[in-house]
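[1] Let's see this in three dimensions:
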Amino acid sequence: MAADGTANGDSPESQLMRRMIDAFAEYERALIRSRIKAALNVKQSKGERTGQVPYGYILSGDGISLEEDPKEQKVIMRVQKLRDKGLSIRAIAEKLNMEKKPARGSRWHPTSVSRILSRMEETQR
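    Below you'll find the model as predicted:
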């Protein structure tokens, strides 16, 4: 410990305290994961929906099934047309932002466009 009362972090006591704090933090994270997993299992056993609603859809009134969102479906079609023209994922995101197409967040990101395209490929198989 330094003369001003602060720990310098090199002493055996400081190392022990750091390890104890790290162990409790790891325990707390594991406990939270366990509780979330249990809650999701309960929801799934009741037939309730878990996870995000994909772009292009909204959650129906029953809280389980999905309905197409007409506005977002138009954007999905635009994404497909731009991809068919040979635009890259990054270029599509930039084009959607320039056209001010509705995004779920503040703006379009290449990752979001990639997810839409991947989902479209999965449904076409």
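
[2] And the helices in the chain?
    Along the chain, the segments classed as helices by DSSP state H run 12-45, 70-84, 89-98, 110-124.

[3] possible to save those helices as a markdown table with mean pLDDT, distance to residue 51 and mean neighbour count?
    The way it works is simple: take the backbone N, C-alpha and C, and place the C-beta from them, glycine included. Converted to a markdown table, those look like this (pLDDT from 0 to 100; distance: least, CB to CB, whole Å; neighbours: other CB atoms under 10 Å):
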| stretch | mean pLDDT | distance to residue 51 | mean neighbour count |
| --- | --- | --- | --- |
| helix 12-45 | 95 | 9 | 10 |
| helix 70-84 | 95 | 17 | 15 |
| helix 89-98 | 96 | 23 | 17 |
| helix 110-124 | 90 | 13 | 13 |
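
[4] Which of those helices sits closest to residue 64?
    Ranking the helices of the chain by proximity to residue 64 (CB to CB) places helix 12-45 first, at 10.2 Å.

[5] Next up, phi/psi of the residue nearest the centre of the chain, please.
    Compute the mean C-alpha point of the chain, and by CA atoms, centre = their mean the closest residue is residue 52, 8.0 Å away. The phi/psi pair for residue 52 (degrees, to the nearest 10) reads phi -80, psi 150.

[6] Tell me if I'm right that residue 87 and residue 95 touch.
    Yes: if you go by CB atoms under 8 Å, residue 87 and residue 95 touch, sitting 6.8 Å apart.
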